[in-house]
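In: Give the three-dimensional model of this entry:
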Amino acid sequence: MFGIDFSDQQTLWLNITNIALGVVTVVCFVVVGWGVVGEVVARVRKRWGLAASLDDHAFVLPVLGTTMADGGEKLPEEPKP
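Out: Numbers count the residues shown, from 1 in each chain. Have a look, this model is predicted:
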């Protein structure tokens with residue numbers, strides 16, 4: 001199975017270690033790739049002016065740029081009891 005020799009204990013543990021390290025490497029690549037894609041998407045949204053669409057308190061006007069509905073800072077949400 002997968003070219004693993006089960007007769008020799010040293011070889012068996014070496015193969016298990018190599019498989020585990022391969023899985024960890026793949027997981028690390030996926031995590032880094034996910035972060036890179038997220039960063040690229042955030043930069044594209046910012047460049048195209050879509051970043052404010054994620055905030056329900058701000059909106060984008062072509063002449064003014066990003067504006068706040070009440071002209072001030074967004075108030076923090078009150079904690080729910």
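In: Now for residue 7, which secondary structure element holds it?
Out: Residue 7 is part of no helix or strand, with elements assigned from DSSP states H and E.
In: And the one 3 residues further on, by the same measure?
Out: Under the criterion of DSSP H and E, residue 10 resides in helix 9-48.
In: Name the residues of that helix that are buried.
Out: Judged by neighbour count using 16 or more other Cβ atoms under 10 Å, the buried positions of helix 9-48 are residue 15. Heads up, the C-betas are built off the backbone N, CA and C, glycines and all.
In: need the contact list for residue 40.
Out: Shown in contact with residue 40 (Cβ atoms under 8 Å, 6 or more residues apart in numbering): no residues.
In: For it, give its distance to residue 32.
Out: Using Cβ to Cβ, to the nearest Å, we find residue 40 at a distance of 13 Å from residue 32.
In: now residue 24
Out: Taken as Cβ to Cβ, the span from residue 24 to residue 32 is 13 Å.
In: shared neighbours of these two, anything?
Out: Joint contacts of residue 24 and residue 32 (Cβ under 8 Å, 6+ apart) do not exist.
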